[in-house]
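Asker: Below: sequence and its predicted model.
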Amino acid sequence: MTHPLQHKRMILASTSPRRIDLLREAGYSFETRNPQFDESAVKLDGLPARHTAMTLAHLKALSVAEEFDTGIIIAGDTLIEFAGEYMGKPKDADDARRMLTSLMGNKHDVITGLSIMDASDYHERMLADTATVRITPIDDDELDAYIESGAWEGKAGGYNVADLEDKWQIHIKGDRTTVIGLPMAKLDEALQKFASEL
């Protein structure tokens, strides 16, 4: 498949295996870098979840763009919005249990913000996509085993669909890749527009 910007160096600002797989399966050639910035130091109080996800994606892209003279940086950040609040990655096992217990059986929105940035001049395109998810509750023993496994670490709300869809009943309304962490339909469209702006 031919992609816009295929002649350009492309860098994914993430070492997430799930994001890497999505981009690779779509036929992109790219490098990966782990963004070097402290999310906990960013003050985002009061910002809507959609804007928070885009802001964090922007900061990830910026931190990686500073390492390169040229190249197209792709960064994403995923949050969960439920009951008027948003959830990022759990701080510890207790936080993961709290998040999963509140989410299971309830519809919630998964929002992934995207940043596409040209490292040469910091020209940027940002966007976000939302999908609605409902996870059928699991029994206490299964939840205990999941928490003990540590599989919740580094995942918004304590779970990722790509890891669990063959084990849990997960119903998605919207783009499955948005829930995984990189909305590919929106990304392809945005890259087309980005290429026309260069």
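Answerer: Alright, I've got the coordinates.

Asker: Please go through the chain and pick out the longest helix.
Answerer: helix 49-65 (DSSP state H).

Asker: Determine how far it lies from the middle of the whole chain.
Answerer: Chain-centre distance of helix 49-65: 10 Å, with C-alpha atoms, centre = their mean, to the nearest Å.

Asker: Extract the C-alpha trace of that helix and format it as PDB.
Answerer: Only the C-alpha atoms of helix 49-65 are listed here, as PDB (Å, rounded to 0.1, in the frame of the first residue of the first chain):
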ATOM      1  CA  ALA A  49     -10.700  14.800  28.300                       C
ATOM      2  CA  ARG A  50     -10.500  15.200  24.500                       C
ATOM      3  CA  HIS A  51      -8.300  18.300  24.900                       C
ATOM      4  CA  THR A  52      -6.200  16.500  27.600                       C
ATOM      5  CA  ALA A  53      -5.500  13.600  25.300                       C
ATOM      6  CA  MET A  54      -4.500  15.900  22.400                       C
ATOM      7  CA  THR A  55      -2.300  18.000  24.700                       C
ATOM      8  CA  LEU A  56      -0.500  15.000  26.100                       C
ATOM      9  CA  ALA A  57       0.000  13.700  22.500                       C
ATOM     10  CA  HIS A  58       1.400  17.100  21.500                       C
ATOM     11  CA  LEU A  59       3.900  17.100  24.400                       C
ATOM     12  CA  LYS A  60       5.000  13.500  23.500                       C
ATOM     13  CA  ALA A  61       5.500  14.600  19.900                       C
ATOM     14  CA  LEU A  62       7.400  17.700  21.000                       C
ATOM     15  CA  SER A  63       9.800  15.800  23.300                       C
ATOM     16  CA  VAL A  64      10.700  13.500  20.500                       C
ATOM     17  CA  ALA A  65      10.800  16.100  17.700                       C
END
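
Asker: What residues of it count as buried?
Answerer: If you call a residue buried by 16 or more other C-beta atoms under 10 Å, then helix 49-65 has these buried ones: 49-50, 52-65. All C-beta atoms are positioned from the backbone trio N, CA, C, and that covers glycine.
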